[in-house]
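Trainee: All I have is the shape, not the residue letters:
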Ligand SMILES: Cc1cn([C@H]2C[C@H](O)[C@@H](COP(=O)(O)OP(=O)(O)O[C@H]3O[C@@H](C)[C@H](O)[C@@H](O)[C@H]3O)O2)c(=O)[nH]c1=O
C-alpha cells in the first residue's frame, strides 16, 4: 500500500468494501462485482477501497489507475493508501477475504460499531455450512464470518439479476455475437469449429491438450486471454513470447491470444465458447452461469491444501451426472489440476459431450433453484437482520 494524502470524506456511505489485492484478479474481481451490484441493484451508496488500482483497471478499463477517488458504475472507488485519517466508517463494513482493516478505521468503528462482515473465499466443502454467519468478538465489537457457497446454508453466489436473461438473449443473437468477435479483432469462426476459452495458471497439460487438438479431426479454436499461461502457449508453437493479438495455427488447432477484457465482455466470451477453462473463484462461478461445460483450475496452495476444496466441488458438480460421466469429469478435472494426464482423457470427454453439454444447463438451473441464492441479496438481508436485532454494540443500538 502506497502512502498518499488522506481522502477526507465527511458523509460516510452505507457500505464500505475493503479489498487487498494479494495476486491475480479474484479478490478485486469479487469485490468489484459485489460493489457494483449493491449500488446498481440495491441503490446502496457503496465505497470500494482497493490497494491496487492497476488490477482494478484491468477489470474496468475506463477507470483511472492514478485517481485517489473516482466514481465507477455508481460506486465510489478509493485508493486504499496507508493514510486513513478522517475516514468515517460506513454502516456496513465488508472486509474482503480477511484483509486487515486500517488501524485508524478500526478505531473509528469502535465509536459507533457498524455491521462488520468478513467475506470469505468460496468453497464447496461442507464445513462451510457450520461456519457461515458465525459471530466473533473483536475489540468489543462483533465480526461476522460470511461464506459464499453452493447450498442453502451458505451465502450463495454472486449473480446479478438479469444476467441469465442477458445470456439467453446473447447466445442466439448472430448480430451481437459478430459484434463481439469484431470487438476482439476477429471474424466469427466456421460454425463447425469447437470454441474453447483457456484461462488458467501455468499448467503442464497445455502441451498435451494442444497435441491432441492439433492432431484431431475436429477444428478447434482456442481463445487465450493474456495471462500466466502465455509462455507455455508460445513455447508450444516455437515462439519466444505471445501477446494479445498473437495467432498460431497447427493442424486442426488455431490459438488466438486475446487482450484482457472487462468483466462484462468476459461473460460474453464464456457464453460464446463451447467449453471454458476457468480458474480461481470468480471466473469459475461465471462459467457456471454460462451454462457451458467447464474445467476448473483451482488456485494452487502449498502442501496440496487446495485438493479437498477441489474434490468437494467436483462432488457437488458431478452429483447430477451418471456414474460413468461423473468419473470422467472427475478424472479430467483432477488431471487438469495435477498438471498432467488430460491429453489421453480428451477423446473420452468428447464422447460424452452431448450429455456434458446438457448437464451444464441442468447444473446452472439447479444452482438457481436449489443453491444458496444471490450473495448480494443475502448480504443485504443479513446486514438488515443484524441492524434490526437488539445487538447493543451496533450503531444506534
Ligand atoms: C480472463 C479475464 C478475466 N476477467 C476477470 C474475471 C474475474 O473477475 C477475474 C479473475 O479472477 P478469478 O477467476 O477468481 O481468478 P484469479 O486466479 O485471477 O484469482 C484468484 O486469486 C487468488 C488470490 C484467490 O485466492 C483465488 O481464489 C482467485 O480468486 O478476472 C476479466 O474481467 N477479463 C478477462 O479477460
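Mentor: Great, that's in hand. Just so it is clear, the model here is predicted, and its values are computed rather than measured.

Trainee: what about this structure, any weak spots by pLDDT?
Mentor: 1-12, 390-397 (pLDDT under 70).

Trainee: Which residue comes closest to the residue in it that the ligand sits nearest to once chain neighbours are left out?
Mentor: Residue of the chain nearest the ligand, by Cβ to the nearest ligand atom: residue 26 (1.5 Å). For every residue, glycine as well, the C-beta is placed using N, CA and C. Among residues not flanking residue 26 along the chain, residue 280 sits closest, at 4.1 Å (Cβ to Cβ, 6 or more residues apart in numbering).

Trainee: do residue 318 as well
Mentor: Using Cβ to Cβ, 6+ apart, the nearest residue to residue 318 is residue 326, at 3.7 Å.

Trainee: burial measure for the one you found, as a count.
Mentor: 17 (other Cβ atoms under 10 Å).

Trainee: does it count as helix, strand or coil?
Mentor: Taking DSSP: H, G, I helix; E, B strand; the rest coil as the rule, one finds residue 326 in the helix state.

Trainee: burial count for the residue lying closest to residue 292 once chain neighbours are set aside?
Mentor: In space, and not counting its chain neighbours, residue 292 is closest to residue 360: 5.2 Å by Cβ to Cβ, 6+ apart. Neighbour count of residue 360, defined by other Cβ under 10 Å: 19.

Trainee: Shouldn't residue 360 be within a strand?
Mentor: No. Counting by three-state DSSP, residue 360 is not part of a strand but helix.

Trainee: OK, contacts around the residue nearest to residue 26?
Mentor: Contact analysis of residue 280 by Cβ atoms under 8 Å, 6 or more residues apart in numbering lists 24-26, 29, 297-299.

Trainee: Let me know the closest of the residues you listed to residue 199.
Mentor: Closest approach to residue 199 among the contacts of residue 280 (Cβ to Cβ): residue 297, at 8.2 Å.

Trainee: ok, now which ones touch the most centrally placed residue in the chain?
Mentor: Computing the C-alpha centroid of the chain and ranking residues by Cα atoms, centre = their mean puts residue 282 first, at 0.9 Å. Neighbouring residues of residue 282 by Cβ under 8 Å, 6+ apart: 25-26, 29-30, 33, 158.

Trainee: Can you tell me the closest non-neighbouring residue to it?
Mentor: residue 29 (3.9 Å).

Trainee: did I read that right, the one you found in a strand?
Mentor: No. Read with three-state DSSP, residue 29 is helix and lies in no strand.

Trainee: In helices, which of the contacts of residue 280 appear?
Mentor: 26, 29 (DSSP state H).

Trainee: Can you tell me which of the contacts of residue 280 are classed as buried?
Mentor: Buried subset of the contacts of residue 280 (neighbour count, 16 or more other Cβ atoms under 10 Å): 24-26, 29, 297-299.

Trainee: For the chain, which residues are neighbours of the ligand?
Mentor: 22-27, 29, 59, 121, 199, 225, 260-263, 266, 279-284, 299 (Cβ under 6 Å from any ligand atom).

Trainee: swap the cut-off to 5 Å and go again
Mentor: 22, 24-26, 29, 59, 199, 225, 260-261, 263, 266, 279-283, 299 (Cβ under 5 Å from any ligand atom).

Trainee: same for whatever helix or strand residue 295 lives in, what does it pack against?
Mentor: Per DSSP states H and E, residue 295 falls inside strand 294-297. For strand 294-297, the packing partners by 3 or more Cβ pairs under 8 Å, 6 or more residues apart in numbering; DSSP states H and E come out as strand 275-279, helix 282-289, helix 323-338.
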